[in-house]
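>>> This is the structure alone, sequence omitted:
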């Protein structure tokens with residue numbers, strides 16, 4: 001899967017390490033060192049993926065991300081930062097990033113995340129049942145076109161939002177934990193990453209719900225996670241109008257792991273409604 005990567009990193013040494021690893025993966029790589037040049041290069045070169053440092057001279061990474069996301073939904077954006085607080089992650093995701101990696105990071109992990117992002121955002125090259133739409137009530141996920149409609153009207157979604165919604169639409173009324181939803185999107189780190197799912201859900205509710213403050217489609221199951229449902233069930237059967245075209249995959253789960261600080265994953269926290 002050869003792609004064109006734009007690397008926006010103000011540290012020349014780090015930029016060169018990233019460029020070298022991506023080149024070894026078979027990708028083309030262009031390197032820039034400031035926000036203004038990153039914005040101009042992304043518009044002129046139209047790369048497949050943007051590796052974007054947050055702290056850069058000129059325009060910072062969040063500004064660049066917001067500008068480019070408003071122009072392109074198909075651009076995969078991986079943000080790099082030395083900051084690792086929850087607020088930093090949510091700011092990055094809210095600006096339109098698909099994934100978030102904190103420094104110091106492993107170049108091998110970075111290239112693995114790039115591979116994952118490219119699989120998520122690229123349109124499938126072959127047809128078949130996997131390309132057929134998923135419909136849950138008024139919400140339709142068009143997998144082949146990588147678009148979402150509500151009552152036939154197009155709504156714009158980031159690649160991460162699209163993958164999350166597609167996972168939910170493939171199994172209507174099934175409750176997914178944050179960890180399971182992360183397996184369908186990207187692969188962030190522990191507590192911060194699980195909170196990132198809440199941000200995606202909040203943004204999706206603004207787009208698919210009549211009243212995002214009182215969601216009826218993308219709903220919270222307290223203490224567990226989220227599910228996608230039809231709020232207007234079929235009066236004849238009492239069930240929702242769910243049409244799931246194509247094969248349904250089992251929801252992947254990951255075992256609890258030990259982190260570098262010796263703490264295990266926390267799967268027993270209380271669900272909070274974003």
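Structure received. None of the values given here were measured: they were computed from a predicted structure.

>>> in whatever helix or strand residue 196 lives in, what's buried?
Using DSSP states H and E, residue 196 sits in helix 190-208. Judged by neighbour count (16 or more other Cβ atoms under 10 Å), helix 190-208 contains these buried residues: 192-205, 207-208. In this view, the C-beta of every residue, glycine as well, is placed from N, C-alpha and C.

>>> got any ranges where this structure has weak pLDDT?
In the predicted model, the chain carries pLDDT under 70 at residues 1, 84-86, 120-131, 185-194, 233-274.

>>> Spell out, range by range, the strands that occur in it.
Using DSSP state E, the strands found in the chain span residues 4-8, 28-32, 49-53, 76-81, 99-102, 134-136, 139-142, 147-150, 153-155, 218-221, 225-228, 242-244.

>>> so how far is residue 146 from residue 206?
Per Cβ to Cβ, to the nearest Å, residue 206 is found 19 Å from residue 146.

>>> and residue 45, how many neighbours?
Residue neighbour count, defined by other Cβ atoms under 10 Å, stands at 13 for residue 45.

>>> Correct me if wrong: it contacts residue 7.
No - counting by Cβ atoms under 8 Å, residue 45 stays clear of residue 7, with 11.7 Å between them.

>>> Pick out the residue nearest the middle of this structure.
For the chain, residue 160 is the residue whose C-alpha lies nearest the centre (Cα atoms, centre = their mean; 1.9 Å).

>>> Now that residue: closest residue in space, sequence neighbours ignored.
Spatial nearest neighbour of residue 160, excluding adjacent residues (Cβ to Cβ, 6 or more residues apart in numbering): residue 98 at 4.6 Å.

>>> Give me the phi and psi for the one you found.
Backbone torsions for residue 98, taken as degrees, to the nearest 10, come to phi -100, psi -30.

>>> From residue 141, how far out is the nearest residue to residue 158 once chain neighbours are set aside?
Spatial nearest neighbour of residue 158, excluding adjacent residues (Cβ to Cβ, 6+ apart): residue 96 at 5.8 Å. Distance from residue 96 to residue 141, counting by Cβ to Cβ: 20 Å.

>>> Looking at the buried residues of helix 190-208, which one is closest to residue 180?
Distance to residue 180 across these (Cβ to Cβ) is lowest for residue 197, with 9.6 Å.

>>> from what I can see the closest one touches residue 184, true?
No - using Cβ under 8 Å, residue 197 and residue 184 do not qualify as a contacting pair, with a distance of 10.0 Å.

>>> Please enumerate the shared neighbours of the two.
Residues within reach of residue 197 and of residue 184 at once, by Cβ atoms under 8 Å, 6 or more residues apart in numbering, are residue 164.

>>> returning to that earlier point: contacts only, for the residue nearest to residue 158.
Per Cβ under 8 Å, 6+ apart, neighbours of residue 96: 65, 66, 68, 69, 70, 77, 158.

>>> Run through the residues that contact the fourth one.
Neighbour list for residue 69: 75, 77, 95, 96, 158 [criterion: Cβ under 8 Å, 6+ apart].

>>> Quick check: the two most widely separated of these?
Within the contacts of residue 69 (distances taken as Cβ to Cβ), the two that end up farthest apart are 75 and 95, at 12.8 Å.

>>> which of the contacts of residue 96 count as buried?
For those, buried by 16+ other Cβ under 10 Å: 65, 68, 69, 77, 158.

>>> now, which of those sits nearest residue 88?
residue 65 (12.9 Å).

>>> No more questions from me, cheers.
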